[in-house]
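In: Sequence first, then the predicted structure, then my questions.
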Amino acid sequence: MNKKLGSSSEIDRVLASVKKKHLLIEEEVKGLLTRKTEEIVIPISIFNEKLGMLESASMYLKDELKLSFKEIAKLLKRDYKTIWTSYSQAKKKTKNEK
């Protein structure tokens, strides 16, 4: 029984069933259906001897790519507070250079 979904009402019924079965909200279902093709690339040139690796990465992702601390923490698989601390330390270290 390999039936193709054709009409939007069929698709809506399937999505409603998935939402109900897995206790998902609308945004979660949309997130599952959206292909994420954008990759985040961190240039090696941001790393230096003055900042630690996490400090450099946190500062680049926050200042250049405008990611939130929560997004950075998820991306780097670190705690939110760790990212905030690393970013704050990097800002203090670079502030003294200017």
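Out: Arrived safely, thanks for sending. Residues are numbered from 1 along each chain as shown.
In: and the next element down the chain from whichever helix or strand Ser9 is part of?
Out: Per DSSP states H and E: Ser9 is located in helix 8-22. Proceeding N to C from helix 8-22, the next assigned helix or strand is helix 26-33, under DSSP H and E.
In: So which elements touch that following helix?
Out: Counting contacts by 3 or more Cβ pairs under 8 Å, 6 or more residues apart in numbering; DSSP states H and E, helix 26-33 is packed against helix 8-22. Using the backbone N, CA and C atoms, a C-beta is placed for each residue, glycine as well.
In: so how far is the helix it packs on from its chain's centroid?
Out: Counting by Cα atoms, centre = their mean, to the nearest Å, helix 8-22 is centred 26 Å from the centre of its parent chain.
In: got the buried residues for it?
Out: By 16 or more other Cβ atoms under 10 Å, the buried positions in helix 8-22 come out as Leu15.
In: And the contacts of it?
Out: Leu5, Leu24, Ile25, Glu26, Val29 (Cβ atoms under 8 Å, 6 or more residues apart in numbering).
In: tell me which of those residues is nearest to Ala90?
Out: For these, the residue nearest Ala90 by Cβ to Cβ is Ile25; the value is 35.3 Å.
In: so what are the domain limits for this structure?
Out: According to automatic domain parsing, the chain comprises the domains 1-37, 44-95.
In: got JSON lines for those domains, with mean pLDDT too?
Out: Shown next, in JSON lines, are the domains of the chain (pLDDT from 0 to 100):
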{"stretch": "domain 1-37", "mean pLDDT": "69"}
{"stretch": "domain 44-95", "mean pLDDT": "94"}
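In: most packed of those domains?
Out: Mean neighbour count (mean count of other Cβ atoms under 10 Å) peaks for domain 44-95 among those, with a mean of 15.
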